[in-house]
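> sequence first, predicted model second:
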Amino acid sequence: MSTELCFTCQRNPAERYLSRYDFHVCRACWDANWNGWAREHEKRIVDHLKHHGLPVPVRNVWGLLPRE
């Protein structure tokens, strides 16, 4: 089992790798953000993407960054 913490909540063990974002998330964050990443996580996600030279995805119909 991985000792890495979830990228978004920084509390739970990471379970799922998201290649589009190049980070791992826990089951709770994956399930809770079914319609896109909550705005509270956006800055951290966008900063991470820019730091790693990854594109920021187009927002979905809810105006959120897509989960996958």
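Thanks, I have the structure now. Numbers count the residues shown, from 1 in each chain.
> so which strand or helix has H48?
Under the criterion of DSSP states H and E, H48 resides in helix 39-51.
> which other residues reach that helix?
Contacting residues not belonging to helix 39-51 are listed as 7-8, 21-23, 33, 37, 54-56, 64-65 [Cβ atoms under 8 Å, 6 or more residues apart in numbering]. Every C-beta, even on glycine, is put in place using the N, C-alpha and C of the backbone.
> okay, and which of those map to strands?
F23 (DSSP state E).
> of the contacts of helix 39-51, grab the buried ones for PyMOL.
PyMOL command restricting the contacts of helix 39-51 to the buried ones, with burial defined by 16 or more other Cβ atoms under 10 Å:
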select buried, resi 7+8+21+23+33+37+64+65
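> tally of neighbours for T3?
If you count neighbours by other Cβ atoms under 10 Å, T3 ends up with 6.
> ok, it touching P13?
Yes: using Cβ atoms under 8 Å, T3 is in contact with P13, at 7.3 Å.
> wait, what's in contact with the closest residue to V58 other than its chain neighbours?
Nearest-residue entry for V58: P66, 7.8 Å, with adjacent residues in sequence omitted and distances by Cβ to Cβ, 6 or more residues apart in numbering. Residues near P66 by Cβ under 8 Å, 6+ apart: 36-37, 57-60.
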